[in-house]
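# Turn this into a model:
(4 chains)
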Protein chains: 4
Amino acid sequence: MIITVKKGIPEEEVKKLVHTFEERGFQVNDSQGTDYHILGLIGDTTSLDEKIIQANPLVSEVTRIAAPYKKANRMFHPEDTVVDVAGVKIGGQEKIVVIGGPCSVESREQICEIAKEVKAAGADMLRGGAYKPRTSPYAFQGLETEGIKDMVEARRQTGLPIVSELMDAEHIEEFVEHVDLIQIGARNMQNFSLLKAVGKIQKPILLKRGLSNTIEEWIMSAEYIMAGGNENVILCERGIRTFEKYTRNTLDLSVVPIIKEKTHLPIIIDPSHATGNWKWIESMSLAAIAAGADGLIVEVHNNPEAAWSDGAQSLKPEKFKQVIEKGRMIAQVVGREM
Amino acid sequence: MIITVKKGIPEEEVKKLVHTFEERGFQVNDSQGTDYHILGLIGDTTSLDEKIIQANPLVSEVTRIAAPYKKANRMFHPEDTVVDVAGVKIGGQEKIVVIGGPCSVESREQICEIAKEVKAAGADMLRGGAYKPRTSPYAFQGLETEGIKDMVEARRQTGLPIVSELMDAEHIEEFVEHVDLIQIGARNMQNFSLLKAVGKIQKPILLKRGLSNTIEEWIMSAEYIMAGGNENVILCERGIRTFEKYTRNTLDLSVVPIIKEKTHLPIIIDPSHATGNWKWIESMSLAAIAAGADGLIVEVHNNPEAAWSDGAQSLKPEKFKQVIEKGRMIAQVVGREM
Amino acid sequence: MIITVKKGIPEEEVKKLVHTFEERGFQVNDSQGTDYHILGLIGDTTSLDEKIIQANPLVSEVTRIAAPYKKANRMFHPEDTVVDVAGVKIGGQEKIVVIGGPCSVESREQICEIAKEVKAAGADMLRGGAYKPRTSPYAFQGLETEGIKDMVEARRQTGLPIVSELMDAEHIEEFVEHVDLIQIGARNMQNFSLLKAVGKIQKPILLKRGLSNTIEEWIMSAEYIMAGGNENVILCERGIRTFEKYTRNTLDLSVVPIIKEKTHLPIIIDPSHATGNWKWIESMSLAAIAAGADGLIVEVHNNPEAAWSDGAQSLKPEKFKQVIEKGRMIAQVVGREM
Amino acid sequence: MIITVKKGIPEEEVKKLVHTFEERGFQVNDSQGTDYHILGLIGDTTSLDEKIIQANPLVSEVTRIAAPYKKANRMFHPEDTVVDVAGVKIGGQEKIVVIGGPCSVESREQICEIAKEVKAAGADMLRGGAYKPRTSPYAFQGLETEGIKDMVEARRQTGLPIVSELMDAEHIEEFVEHVDLIQIGARNMQNFSLLKAVGKIQKPILLKRGLSNTIEEWIMSAEYIMAGGNENVILCERGIRTFEKYTRNTLDLSVVPIIKEKTHLPIIIDPSHATGNWKWIESMSLAAIAAGADGLIVEVHNNPEAAWSDGAQSLKPEKFKQVIEKGRMIAQVVGREM
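Numbering: from 1, shown residues only, chains lettered A, B, ... in the order given. Below you'll find the model as predicted:
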């Protein structure tokens, strides 16, 4: 961390400032120019808050050289992390993973039927929401515990590991017992209490990017989970909020090479929530694979018109199958299997 | 709600669609043009999800006429809501309320001393964070329970009601017992589980606007709390994320007349988190009062340079006092007291 | 266009409103519900301004059914437009086009050398900036007329058609005479005077998306050019402004399927300005091709470290060649050549 | 400017880099830590482009210490600039200026009548658009030259100086001859050719902030005009694009204290384009004055329902008068006249 001290500050004031950092265990490299005075802090600066240092009236500028994350940082962990979700491996040079299923579990019949169809189409895992984050308190909030039980039955019938969203610490035991990959939704990406809670378990976590969060903030949320002791984190880009109105969100595919450069974690793409329109999902799925993603999570519904949530963005099983088939050819070009 | 049906859809298909709405209890007003076919739904549409209707392949456009909120809606509750926080009233034509205090409680001495200073300067309530939402797991996370106890002691010494942020349902009993105004932070504005939890208590809630949320989403979060049974909601604008770099966030003062038009709830302004710089707080505080706000929440620290968080945006007590004095004159012009 | 009239408006007032639309040549379909009164306007509504109608105190809601663009609209022009740039065809099922070259022309030697290298690597056209839009008046503003002459010489030596940015109507004759594809930059996307000026010529136009513009606004800018009489418009996505800091802009690849659905115009992708970092360009280029783009425009520099502008985002010629080679394999999978 | 060199770069490489800066006339202060190597550049760095330096593979970080603007910089010009618009002074401790008038000139009668009404209400200047930047080529584009002539007649009848928007260099002579304050619109804020053109004249310029531009980019656009020789620049905030839908744009009032700290230029506020709704204009106008603005520019129309553009956001003359009257009382509290 480099701290630029304002012009004309008396030498003894600067010495006091240097001393406060030395007391906290940093080595301080003090160098002086004509116009400014620069303090270089050597040591682990992840616990320092730039804003607090910036508040000091002597300080004109604070520049962080090292990234604020350690556990997630590729620099300290050069090999790719491969996360094992009930036998399905994600990350590294493993097979590109495809997760399919409805936005919401609507009934045991519905989820079991879709599970069979996505399996037949080539999916590796089944998704389905039982607890639903909804903007309106009057909207359908999910089947809750019943929905989880229905997912478990669908797994029993197909063998597909199951993915579902956890909304609060209260249900964590239920999820540890029944769910294979626990999703933290976009709106909870900075629910730090929940991040701490899932840091204490060992189940794999699918951490969605927040609607308006930077990649660094997203990695810091992964860092919360990892710092708690759970290193089984998979990142998922699901589109960010922009001014665009044709799409529900704007899919940011540049996260793929960036996440792979900055971290060692697997990164998967959700084209369904990103575009909000089934017609654009094939194009974005193929692009995600070409960009180097480790997986896709796609909404699939056998009767999208009648879906209880997000029907407009769901693929029918046949279309889902086509996407997987084309995806496999793209995967080959970039040296992966799918 | 108005549903525009696509051109060229056979009459019997449209009738089936009309029928599904009639089954759900809506009266459907069907009117046909040359180019389109319009269905007007009459009834309480708050529980309908536009996106689901939009997913129907017959439908080309869905337009919501009524606002999706009821409890918070000025239309159904024309009188201003006045929230009583341990005797301090906020909203309506009540006195404009000033809340002052540090970002974080750092020690019993610190919070008690600042409490006395903000009281002397004219504040009506004391703020202080005990549980802190921090981007980094390595940053100071607050004094937690000790911090709440310190706040309670500061209240004992000054009589000022206390405001503090609740981060999860786990600590709700502690807050109900000790805190007078429970803050839900910007990052938890759409933590729907937490909103439901505070909907079940009767303590007043200070609901901050999310970093990138629309006013309608914010009102819907208030609606969650109110739908649960707790109508003591105060809204707080604290700046939204924009591309601007000089400020920490961009203060959106237009929310003041809009919240007053759309809802009956009190609205207060936090210029400290919005600007992130103490130098701009006076200007924004006076503007907030001129705009018609019901209160201010301002960070005050007796030693900002040494603050453990957000020092750069804290006012010293003397400056805070000046802001209140000028604010009182502005309040008079807009027909309020402060 | 559907106009919802407020509740309780006297019938004669509504009739007057209907009459004003009828006078402007629209057929008005008036249908009444219990709670609202709906006017459906039949006719060409592209010249109507929703905001003006909205201002009418009788009106509660205005919904546009038809897109506000005609010339660019796929609905009225189902076949793909193929633009011919000095013999290189872009759009439809034509070969995916690759445009390479430096951000700025720095000297005749530099541009001629790079031209040869990008040609050898497989590029179809040469890009190079002679007039540069720079945030600072003190930064290098381009070689201007000399730069155009240097581009012309590079074309003479290689046969590659040339692309350069036009910043104002003053230089339009110079560009018509010398440049093969005239670029309108992101910051001028809504410089309506310039759009009108290039609407009067017949040279192909490369219209970049503005930094924070929606796709509809972008199409409307294409419509300006086409309404003036120049239908040779190619759209170029170059990233939009978001909160992300690791990238210069956020590349929105979802524009590819959307532009192809809404319009008949070719769409190409600029991964260099979007990411701002050469390391992420391969990934985004392959993704663009997989998504269905009609071309790529990539910054290539033989000595990026010494470039006068945007060196960080430039590929070296060898790397550019590799990208084209991999791109060709992706193109095959999606049924295109490159 | 501080340049951080990457770890492990051989000393001779660093020396070469230092040498390139010395050749360009900078003094370089080289200081070395254990983990990094820092070069401090002393000299006028406004012409340096951080991005180019960043492209150098030796460099890990570039931090600009000095602001990139000089002419507009308060540091080099501590006194407030007062701009004289045909006798009406704006800035410093001068009277807060009020500019009123319609969005578009619709006819000579209309503009002359409104001119008399805004004058009677207390306005200091008349606004009116003759050349209109419209998103659609099919929308009303303004009365153009006729509109300017109508404005001139309105000035003749009332004595009010006139403000109108210039859209391209082609009409600059017409504006220099007839218009008192030349507006550069938000969409042209980074039309650098137009900025250069108005830098060569001496007429006062009203520079609106771009829809998604930072304050620094806005000041840099003022710097373009001033660097050209025209120091008569007035800045105007008109709201920025955010995700909010209730308002047309989000008014950023924090620009008032920031512009006054960073620059010496006058700053005025346009609450009409910002909110897009006449009901919220009074609140935002009073807030602007309380924040310390040097003026207001407000849309006023004698018949908003029938306005040819932006009627929804126009005040009627009586309401405009009330706003001015309340504004005068706020002005007094902040030590200004209006």
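# Close to chain C: what parts of the stretch 151-300 of chain A are there?
Residues of the stretch 151-300 of chain A found near chain C (Cβ under 8 Å from any Cβ of the partner chain) are A:212-216, A:240, A:242-247, A:250-254, A:256-258, A:261-262, A:274-275, A:279-280, A:283-284, A:286-292. Where you see a C-beta, it was placed from the backbone N, CA and C, and this is true even at glycine.
# Tell me which of those fall in helices.
Counting by DSSP state H, those place A:215-216, A:256-258, A:261-262, A:274-275, A:283-284, A:286-291 in helices.
# Could I have the ChimeraX command that selects the buried members from those residues?
Buried residues among these (16 or more other Cβ atoms under 10 Å in any protein chain shown), as a ChimeraX selection:
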select /A:215,216,256,257,258,262,274,275,283,284,286,287,288,289,290,291
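# What ranges does the stretch 201-338 of chain A have for its strands?
Along the stretch 201-338 of chain A, counting by DSSP state E, counting those that start in this stretch, strands occupy A:205-208, A:233-237, A:267-269, A:295-299.
# Out of these, which is closest to residue A:195?
strand A:205-208 (8.3 Å; Cβ to Cβ).
# looking at it, residue A:264 is touching residue A:75, isn't it?
No: the criterion here is Cβ atoms under 8 Å, and residue A:264 misses it with residue A:75 at 9.5 Å.
# Neighbour count: the two, which is higher?
For residue A:264 versus residue A:75, neighbours defined as other Cβ atoms under 10 Å in any protein chain shown are more numerous around residue A:264 (21 against 12).
# and the ones in helices among the residues of the stretch 151-300 of chain A next to chain C near chain D, which?
Within those, nothing lies near chain D by Cβ under 8 Å from any Cβ.
# helices and strands of chain A: which one bottoms out on pLDDT?
The weakest-scoring helix or strand in chain A, judged by mean pLDDT, DSSP states H and E, is helix A:50-55 (a mean of 75).
# by how many degrees do the next helix or strand after it and strand D:59-63 diverge?
Note on helix A:50-55: by DSSP states H and E, the next helix or strand toward the C-terminus is strand A:59-63. If you take axes from the mean of the first three to the mean of the last three Cα atoms, to 10 degrees, strand A:59-63 sits at 150 degrees to strand D:59-63.
# who does strand A:59-63 pair up with?
Within its sheet, strand A:59-63 is paired with strand A:2-5 (antiparallel), according to DSSP bridges.
# can I get the CA coordinates of the strand it pairs with in CSV?
Output of strand A:2-5 as CSV, limited to C-alpha atoms (Å, rounded to 0.1, in the frame of the first residue of the first chain):
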residue,chain,number,x,y,z
ILE,A,2,1.3,3.4,-1.0
ILE,A,3,0.3,6.5,1.0
THR,A,4,1.0,9.9,-0.4
VAL,A,5,1.3,12.6,2.3
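# Touching it from outside, list them.
For strand A:2-5, the surrounding residues in contact (Cβ atoms under 8 Å, 6 or more residues apart in numbering or on different chains) are A:14, A:17, A:36-41, A:53, A:58-63, A:65, D:2, D:4, D:36, D:38, D:63, D:65.
# now do stretch A:329-338
A:93, A:95-96, A:98, A:286, A:289-290, A:292, A:324, A:327-328, C:286, C:290, C:326, C:329-330, C:333.
# Stretch A:102-118 now?
With contacts defined as Cβ under 8 Å, 6+ apart, stretch A:102-118 is touched by A:100-101, A:126-130, A:132, A:140, A:142-143, A:147, A:149-151, A:153-155, A:157-158, A:160, A:272, A:299-302, A:307-310, A:313-314, A:317, A:320.
# From the chain's centroid, how far away is that stretch?
Distance, stretch centre to chain centre, for stretch A:102-118: 24 Å (Cα atoms, centre = their mean, to the nearest Å).
# just stretch A:22-37 next, same as before
For stretch A:22-37, the distance to the chain centre is 37 Å (Cα atoms, centre = their mean).
# Show the end-to-end separation of it, please.
End-to-end span of stretch A:22-37 (Cα to Cα, to the nearest Å): 17 Å.
# same thing with stretch A:170-184?
14 Å.
# Kindly report the same for stretch A:55-73.
First-to-last distance for stretch A:55-73 - Cα to Cα - comes to 28 Å.
# Any idea which residue of chain A lies closest to chain D?
residue A:31 (3.2 Å; Cβ to the nearest Cβ).
# my read: that residue touches residue A:18, true?
No: if you go by Cβ under 8 Å, residue A:31 and residue A:18 don't touch, sitting 11.7 Å apart.
# Grab the nearest non-local neighbour of residue A:213.
Nearest residue to residue A:213 in three dimensions, chain neighbours excluded: residue A:189, at 5.9 Å (Cβ to Cβ, 6 or more residues apart in numbering or on different chains).
# Can you give me every residue that contacts the one you found?
If a contact means Cβ under 8 Å, 6+ apart, then residue A:189 has A:207-210, A:213, A:217-218, A:221 as its contacts.
# Out of the residues you listed, who's the most crowded?
For the contacts of residue A:189, the largest number of neighbours (other Cβ under 10 Å) sits with residue A:221, at 29 neighbours.
# what's the closest non-adjacent residue to that one?
residue A:189 (5.2 Å).
# Residues in a beta bridge with residue A:97, which ones?
Here residue A:97, judged by DSSP bridges, has bridge partners residue A:295.
# Could you tell me how many residues sit around it?
For residue A:97, the neighbour count with other Cβ under 10 Å is 24.
# OK, contacts around the spatially closest residue to residue A:233 that is not a sequence neighbour?
Excluding the flanking residues, the one nearest residue A:233 by Cβ to Cβ, 6+ apart is residue A:222, at 4.8 Å. Shown in contact with residue A:222 (Cβ under 8 Å, 6+ apart): A:69, A:72, A:207, A:233, A:235, A:263, A:265.
# Can I get these in TSV including pLDDT?
As requested, these are exported to TSV (pLDDT from 0 to 100):
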residue	pLDDT
A:69	94
A:72	96
A:207	98
A:233	98
A:235	98
A:263	98
A:265	98
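# which one of these is nearest chain B?
For the contacts of residue A:222, the nearest to chain B is residue A:69 (8.1 Å; Cβ to the nearest Cβ).
# Could I get the buried residue list for whichever strand or helix holds the residue of chain A closest to chain D?
In this assignment (DSSP H and E), residue A:31 forms part of strand A:27-32. Using 16+ other Cβ under 10 Å as the test for burial, strand A:27-32 gives A:28-31.
# so how far is residue A:37 from the closest residue to residue A:31 other than its chain neighbours?
Once flanking residues are discounted, residue A:31 sits nearest to residue D:31: 3.2 Å by Cβ to Cβ, 6+ apart. According to Cβ to Cβ, to the nearest Å, residue D:31 stands 11 Å off from residue A:37.
# joint contacts of those two?
Listed as contacting both residue D:31 and residue A:37 by Cβ under 8 Å, 6+ apart are residue A:31.
# re the thing from before, how about the least confident helix or strand of chain A against chain D, any contact?
No: residues of helix A:50-55 contacting chain D under Cβ under 8 Å from any Cβ: none, with a closest distance of 12.5 Å.
# Give me the contact status of that helix with chain C.
No: on the criterion Cβ under 8 Å from any Cβ, helix A:50-55 is out of touch with chain C, staying 13.6 Å away.
# touching chain B at all, that helix?
Yes: shown here: helix A:50-55 in contact with chain B (Cβ under 8 Å from any Cβ) through A:51-52, A:54-55.
# Most neighbours among those residues, which one?
residue A:55 leads those on contacts (other Cβ under 10 Å) with 24 neighbours.
# ok, residues contacting whichever helix or strand residue A:84 is part of?
Here residue A:84 sits within strand A:83-85, counting by DSSP H and E. Strand A:83-85 has contacts (Cβ under 8 Å, 6+ apart) with A:89-91, A:125, A:161, A:180-181, A:204, A:232-234, A:266.
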